[in-house]
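> this one's sequence-less:
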C-alpha cells in the first residue's frame, strides 16, 4: 500500500533550517516561500512604478530617456501581474486551501515545490534583460510586430519570453495540484457545498489557469520562433498576422484578469463574515456567480481589441456586459453580509472593505469600456490604466493585504500590530486614490497610455502631479507594513489558535499548524465548522427548541 | 478643555471634508470628455454621458450603502447578530437589476455604434494615412490614376504634420502602417482606429468623420509603437471648402522638384537600412558647397538632416521611402567644425552621426 507519503519522517537527524526551507515539500512552507518571493518582486515593481510616475509628473524628460521609460512600464506590468499578484495569491491558496479542507498537504507535494521554484528562476530571467543591453520594452502585452526581432533587438525580449514561459508552466502545474487537492483531499464531511468560499474561488481560478495559460505559453513559443528561427506567425511581410497575436494574448489575458481577482474575492468573502459575525449572505449564489464569471471570461477577450476593427463588436460587447451581472451579484451579497451585522474594524476588515469600495469603481469603469463607441474614445488612454489599477490594485492588492493581516497569526502565532496596520491602511487607501483616480480625467481628456512625455499645452499636468504624489504615498505606506512585519516577528503579540473568532477549519488547528496540519478535526456540518464548534451549545439549544413542539405533538 | 478639543477636531474634520469635496468636484468635472467636434463624436458624447450617469448612480447607491452599514452596524456589544444565510427571492431580484442595467447600456451602445460605423458612398476627401516609426504620412488621393501627383505631407518628430481637411463634408481615412501597429486618435473626435502593417490580412481599416467647425484639433498615436511613441503627434486643421481647395492647389504647386544635380565637387555617400545609417562618420571640406547622395534601401521613410553644435538647422533633407530610393541633397558652404547628421524620422543612435568639416 502506498501510504508512506503521508507518514512523518522517521529518524532524528537534524538539518540546518536553510536546507530545510530549500528542500521543503510542506505546503505551508511552500506557501510562505511563494508569499515572500512575491513581495520581493512587488517591491521591485514598486520602484519601477516610481520611475514611471516621477518621469510623468511634469512635461519634458527629466529622469530617464524613452528607452529606459519603456523598459520600466513593461517590466512594472509584467512583474506586478505575473510575479506578484498571481503568485502571492497562489501562495495563500497553497497555505490555506489544504487547511480549509482539513487535508494534511497538497495532492502532489513535490510538484508543488517544483512549481514554486520555477517562479524565482523565471523572474530572474525576465529581469536579467537589464544586464544584457536592456530589458523587454514592448509593454506587457508584447504586441507583434513591435516585438519581432526587427523592431525589438537584443536579448531582453527573448529573456522575457523564456522567463514567462517558465512562470506560465509553474502556474499550470500549480493549477493541476489545486484541482487534484480540492477533488481528492477533502476531509470526511467536507462536501463541495461545505467548502469555504475561498476554496471555491481558488478552484475556479485553477480551472481558468489550466484552460488559458497553455494558450499564452504556446503564443510565447511562437513569438520566440518568429524572433530567432525565421518563423512568421505574426509577421505580415511573410504572410503572418499580427492580429493573431492579439487574439492569442487576450484569449489568455482576459481570463487572467479573473485569475487575479477571483481569489482576492474569495479572501474578502472569508473576512467580511468573520468581522460581521454573520455567514456570507447567499453562499450558493456566490458559488454560482463565481462559476458564471469563470465560464463567461472565455467569451469576452476581444473587448481588448475593439479598435482593431477586426472583431465582432456586438457579440463581445454583449458578453462583456453580461459578465457584469455575476460580479454585481457578488457585490450585493457582500453588502447583505454587512447588513445588520456586528462589524469590527480590524486591519484585515479595513482592507476587505477597501477592496469592495475600490473594486466597485473598477467594475463601473469596466462596464463603461464594454460599450464599443465609448471604448473607441477611451481605449489605450489613461482611463484604461485607471480602470485596470482599480481592479488589480484597488481589488487584488487590497485583497492580498487583507489576506496577509488575516492569516499572519495562523502562519506565525503572532498578530501584526493593529495600530501600525491601520496607519498602513489609511496611507495606502488615500495614496491609492490620489495616484489612480486622476488617471480617469486624464484618459477622458485624451492622454494616451505608455507615453514617456506629454505636451505642456495639453492640460494634463495638474492631474499628473496629483497622481505622482499619490504614488509616493503608496510607497511610504509600505514602511509601516515592513516595520510591522519585523517588529511582530521579533516581539509580536502571541495570540491563540483562533484570534479572530473565525469560521473555517484552518482555525481549528494550532498557530502555526503542526506538520500534516491536524491532530483532530471538528465535525464538518456546514461551511463554518469552527463557528459551529464555538456555538455548539447555542446550536443544540436552538435545535432542541425546534424539536420540542414536534415532540409535543407526538 | 475636552469640548475645545472636540471643537477643533470638528473644525479639522470640516476642513478635510471641504478639501475632499473640492477634489471630488474637480474629479467630477474631469469625467466629461472633450468638446465633440464631429457628428459622430456628438452621438458618442451623448452615449458616454448616459453610461456615466448610470455608473454614477450605481456608485452613489453602493458606496452610500456600505458607508451607512459601516456606521450603523459597527460592533456595540458582544451579542451575536441574526445568522441570515440568504434569500432566494432577493438573489433573483439582484440578478435582474444588473441584467437590466447592462442590457440598456448594450442597446444604447448598439444604436450609437451603427451611427459611428456608417459609411457614405462619396466622401468629400479621401486621405491615405500611413503611420511609421515615428510619424505620419498623409496622402491626398485625387480622381486621376496617377499616384505620383497626389499631394503628400510627411511629418517628423521635430515638426509634426497638419492634416488639412474641409469642414462640413465626410472625410474618409484609409489607415495603414509601414512597420508596427499604430492607432489614429483625435480626442475631440472621440474616436480612434488601429493601423496595421500593409499586408496584414483583414487589417485595412477606415475611419470617417464630418467636422462641424473650422479649427485645429490635436491628435496622436494611441497604440504603443516603440521609443518615440509619445512624439507621434499631429494636428487636424479644418478649413471651409474654398480655403481648403486653395490650400491644396498652392501646396501642390509649391512642391519642390528634385534638386539640381550639377557636379559641384565633393559628393558624400550614405545609405540607410534596418533603421540605421551605414556610416556614423562623414567629413567634408570647409567653406565650399558639397552634396550628399543618400540611398534608402528599405521601405521605411528616412532623410538626412544636418544640425550645428547649437542644434540650429543647416539642412532639412527631403524624406524618401525605399526600397532603393535615391536623392541628392545640396549642402551650403560650412565653416570648419563638428556637425550632427541625423534622420529626423528616426532620431536614434543608429541614425545619428558626426559630420566633420575641415
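Cool, the structure landed. Bear in mind the structure is a predicted one, so any value in this text is a computation, not a measurement.

> Just give me the longest helix of the chain.
With no chain named, the answer covers chain A. Across chain A, the longest stretch assigned as helix under DSSP state H is helix A:242-276.

> sorry, should have said chain B
Assignment by DSSP H gives helix B:39-72 as the longest helix of chain B.

> Quick check: what element follows that helix along the chain?
helix B:88-117 (DSSP states H and E).

> May I see the buried residues of that next one?
For helix B:88-117, a neighbour-count test (16 or more other C-beta atoms under 10 Å in any protein chain shown) marks B:91, B:94-95, B:98-99, B:101-102, B:105-106, B:108-110, B:112-113, B:116 as buried. Heads up, the C-betas are built off the backbone N, CA and C, glycines and all.

> what does stretch A:205-218 give?
A:205-213, A:215-217.

> And the contacts of it?
Contact with stretch A:205-218 is made by A:89, A:93, A:164-165, A:168-169, A:171-172, A:174-176, A:178-179, A:182, A:248-249, A:251-253, A:255-256, A:258-259, A:262-263, A:294, A:297-298, as judged by C-beta atoms under 8 Å, 6 or more residues apart in numbering or on different chains.

> near chain A, which residues of the stretch 151-300 of chain B show up?
B:179-181, B:183, B:185, B:187-188, B:190-194, B:196-203, B:205-206, B:218, B:220-231, B:233, B:274 (C-beta under 8 Å from any C-beta of the partner chain).

> Go ahead and build a ChimeraX selection from the buried members of those.
Command for ChimeraX that selects the buried part of those, burial taken from 16+ other C-beta under 10 Å:
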select /B:179,180,181,183,185,187,188,190,191,192,193,194,196,197,200,203,205,218,220,221,222,223,224,225,226,227,228,229,230,231,233
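
> what's the closest non-adjacent residue to residue A:290?
Nearest residue to residue A:290, sequence neighbours excluded (C-beta to C-beta, 6 or more residues apart in numbering or on different chains): residue A:204, at 5.0 Å.

> and that neighbour, what does it touch?
A:258, A:262, A:290-291, A:293-294.

> Quick one: residues contacting residue B:175.
Residues counted as contacts of residue B:175 (C-beta under 8 Å, 6+ apart) are B:129, B:131, B:184, B:193-195, B:204-207.

> so which pair among those residues is furthest apart in space?
Spanning the widest gap among these are B:131 and B:206, at 14.4 Å by C-beta to C-beta.

> follow-up on the earlier one: for the longest helix of chain B, buried residues please.
Buried-residue list, helix B:39-72, by 16+ other C-beta under 10 Å: B:39-41, B:43-45, B:47-48, B:50-52, B:54-55, B:58-59, B:62, B:65-66, B:69.

> Likewise for stretch B:266-274?
Going by 16+ other C-beta under 10 Å, stretch B:266-274 has these buried residues: B:268, B:270-272.

> So residue B:347 sits against residue B:157, correct?
Yes: contact criterion C-beta atoms under 8 Å: residue B:347 and residue B:157 qualify, at 6.4 Å.

> Find residues that contact each of these two.
In contact with both residue B:347 and residue B:157: residue B:228, using C-beta under 8 Å, 6+ apart.

> hang on, the earlier thing: ok, of the buried residues of stretch A:205-218, which one's closest to chain B?
Comparing these against chain B with C-beta to the nearest C-beta places residue A:216 closest, at 19.1 Å.

> so that closest one is in which element?
helix A:197-228.

> Give me the mean pLDDT for that helix.
For helix A:197-228, mean pLDDT is 96.

> cool, stretch A:335-354 as well?
On average, the pLDDT along stretch A:335-354 is 96.

> Likewise for stretch A:238-256?
Here stretch A:238-256 scores 93 as its mean pLDDT.

> now swap in stretch B:91-103 and tell me
Stretch B:91-103 shows a mean pLDDT of 93.

> What is the neighbour count of the nearest residue to residue B:197 once chain neighbours are set aside?
Among residues not flanking residue B:197 along the chain, residue A:236 sits closest, at 4.5 Å (C-beta to C-beta, 6+ apart). Using other C-beta atoms under 10 Å in any protein chain shown, residue A:236 is surrounded by 22 other residues.
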